[in-house]
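With the input below, show me the fold.
(chains A and B)
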Amino acid sequence: MFQAPYGTHDILPEDQTYWSFLKEKIESLAPLYGYERIDTPIFEEAGLFVRTVGVDTDIVEKEMYTFADRSGGQMTLRPEGTASVCRAYIEHGMASRSQPVKLFYQAPIFRYERPQAGRYRQHHQFGFEAIGDGDAMLDAELIDMAWRFFDSLGLKNLTLQINSIGCPKCRPAYLAKLREYYAGHKEVLCGDCKGRFDKNILRLLDCKKPTCQPLTTSAPRSVEHLCQECAEHFEQLKTHLSTLQLPFEINSSMVRGLDYYTKTVFEIQPEDERGQSTIAGGGRYDGLIGELGAKPTPAVGFATGIERIILNLKKQKVAMPNAQKSTVFIAWLGEVARQTAVKLSGELRQMNIASLITYTPRSLKAQMRQADSAGCNYVAIIGEEEVAQGNVTLRDLRTAKQEPVALAKLVEKLQEIH
RNA sequence: GUGGGUGUAGCCCAGAGGCCUAAGGCGUCAGGUUGUGGCCCUGAAGAUCGAGGGUUCGAAUCCCUCCACCCACCCCA
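Numbers count the residues shown, from 1 in each chain, chains lettered A, B, ... in the order given. Next up, the predicted model:
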């Protein structure tokens, strides 16, 4: 038997309420902050991601779904959303729109990972990108939007962590300091960290191994090695966040796995959780647009993991608004009544009244049971008698009362009830 | 890539070498007298016990191999 590919999932009808709930929240929130929807292709030239995400990152190194298309081009199923949006920004000359350009998307994301709770090979993100302004006030506004989004969902006990990882001006000096520091402890480092030492020294900071942990506490902190510009930016960010009354924590060992980040990075996570907890992450990426060959343009953004949000909504037992149920069930008996039933179902739907109906003939009892389990509140019963008299028996399932209603008046009557 | 765990009907699961021609619950379908739901009752369909091999007179139960999925590390949303 076929199965969904490892690490992918079907989203069944019973879960769709969560998805539409989130979508509604996003669509009402985004305009409040001036964000407009953008959709980009599900795959891009592989080079786009290699260039922006970084050759030495795990994503590029071992997690991309890259394939040759029929003309030999290397294509990649998007492993993150920012690069595509920046590509679109450049391609469509959005630099000549009023800045910053604010865009959001909902997109499936593909990474070849070992699946586990909250981690999939295909997952979905809502992403927000604001391109064309470098002020820390924009960072703060963006973080405020993320925070408000989760608040509007009813998620509790979240923490907001921020950090600044500097820019190409100050980072090299900081990295040198880090390297110097860790070089002194190289023999205690875990195997992974020994490897990361040369490749991506920043990563040593968030190693969770008990042997490496103690080292990070006294490691040089990036926020203490920022150039003046970055330091001011970080100060302003903190000020604005406080003004917006966002309860942030500074996590000086938070680094991110994509190379394009500069200055601000942040994450939002549920309090109690273990491994796959981060439900939103992002930061500033002032160098990315320039890296793609366009005029250097500052930008900031973040993405949220939809599956992880839903996981938390379920964990916290957040109630979903109940979906509109089909209200009228058409029960019919006999071939003559069947024709009337078909006609009626058409008329009801024409009038935007939802209805369910039996297709293969079944007993009235069976039809009533079906109406009940489908959550219908009314059953319109059509049998020989009703056909003869030109009416239907309309039964209210909740009060268990029923009365004959002339066929001609039924639609009107049902509209009243609604 | 590294570790650990689990695999019995659509779902939850009993079952620990012969009494398993595999039990039960949910769900599905059909009934419970003449055209009526939710509760209850009856019945039916639905499982080559993840796959292959082995041990044994005998395997869902023991052994081996493979596969699938889950969890954790790593990394990230």
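
Could you use CA atoms for every contact and neighbour count after this?
OK.

For RNA strand B, give me its nearest residue in chain A.
A:Gly257 (1.7 Å; C-alpha to the nearest atom of the strand).

quick one, what contacts the residue lying closest to that residue once chain neighbours are set aside?
Closest residue to A:Gly257 in three dimensions, ignoring its sequence neighbours and counting by C-alpha to C-alpha, 6 or more residues apart in numbering: A:Thr57, at 6.4 Å. By C-alpha atoms under 8 Å, 6 or more residues apart in numbering, A:Thr57 lies in contact with A:257-259.

Give me the phi and psi angles of A:Thr57.
Note on A:Thr57: backbone dihedrals following degrees, to the nearest 10 are phi -80, psi 160.

Quick check: buried residues in stretch A:367-378?
Buried residues in stretch A:367-378, counting neighbours by 16 or more other C-alpha atoms under 10 Å, are found at A:367-368, A:370-372, A:375-378.

actually stretch A:249-265, not the one I wrote
Quick answer for stretch A:249-265 (16+ other C-alpha under 10 Å): A:251-265.

try stretch A:355-366
Neighbour-count burial for stretch A:355-366 [16+ other C-alpha under 10 Å]: A:355-358.

which residues sit against it?
A:326-334, A:345, A:348-349, A:367, A:371.

Also stretch A:142-159?
A:22, A:25-26, A:29, A:33, A:241, A:244, A:246-249, A:268-271, A:280, A:301, A:312-313, A:316, A:318.

the strands in the stretch 251-400 of chain A, which residues?
For the stretch 251-400 of chain A, applying DSSP state E, counting those that start in this stretch gives strands covering A:262-270, A:280-284, A:299-305, A:328-332, A:355-357, A:378-382, A:391-396.

want to throw those strands into CSV with distance to A:Pro115?
Formatted as CSV, these follow (distance: least, C-alpha to C-alpha, whole Å):
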stretch, distance to A:Pro115
strand A:262-270, 19
strand A:280-284, 19
strand A:299-305, 14
strand A:328-332, 43
strand A:355-357, 39
strand A:378-382, 45
strand A:391-396, 48
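
From the contacts of stretch A:142-159, pick out the ones that also neighbour RNA strand B.
For RNA strand B, the contacts drawn from the contacts of stretch A:142-159 by C-alpha under 7 Å from any atom of the strand are A:Ala280.

Mark which of the contacts of stretch A:142-159 are buried, thanks.
Counted by 16+ other C-alpha under 10 Å, the contacts of stretch A:142-159 give A:22, A:26, A:29, A:241, A:246, A:248, A:268-270, A:280, A:301, A:312-313 as buried.

pLDDT and distance to A:Asn157 added to those residues, as JSON lines?
As requested, the buried ones among the contacts of stretch A:142-159 are exported to JSON lines (pLDDT from 0 to 100; distance: C-alpha to C-alpha, whole Å):
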{"residue": "A:Leu22", "pLDDT": "97", "distance to A:Asn157": "19"}
{"residue": "A:Ile26", "pLDDT": "97", "distance to A:Asn157": "20"}
{"residue": "A:Leu29", "pLDDT": "97", "distance to A:Asn157": "21"}
{"residue": "A:Leu241", "pLDDT": "98", "distance to A:Asn157": "18"}
{"residue": "A:Leu246", "pLDDT": "97", "distance to A:Asn157": "13"}
{"residue": "A:Phe248", "pLDDT": "96", "distance to A:Asn157": "12"}
{"residue": "A:Ile268", "pLDDT": "96", "distance to A:Asn157": "10"}
{"residue": "A:Gln269", "pLDDT": "92", "distance to A:Asn157": "9"}
{"residue": "A:Pro270", "pLDDT": "91", "distance to A:Asn157": "6"}
{"residue": "A:Ala280", "pLDDT": "96", "distance to A:Asn157": "14"}
{"residue": "A:Gly301", "pLDDT": "98", "distance to A:Asn157": "23"}
{"residue": "A:Asn312", "pLDDT": "92", "distance to A:Asn157": "11"}
{"residue": "A:Leu313", "pLDDT": "93", "distance to A:Asn157": "12"}
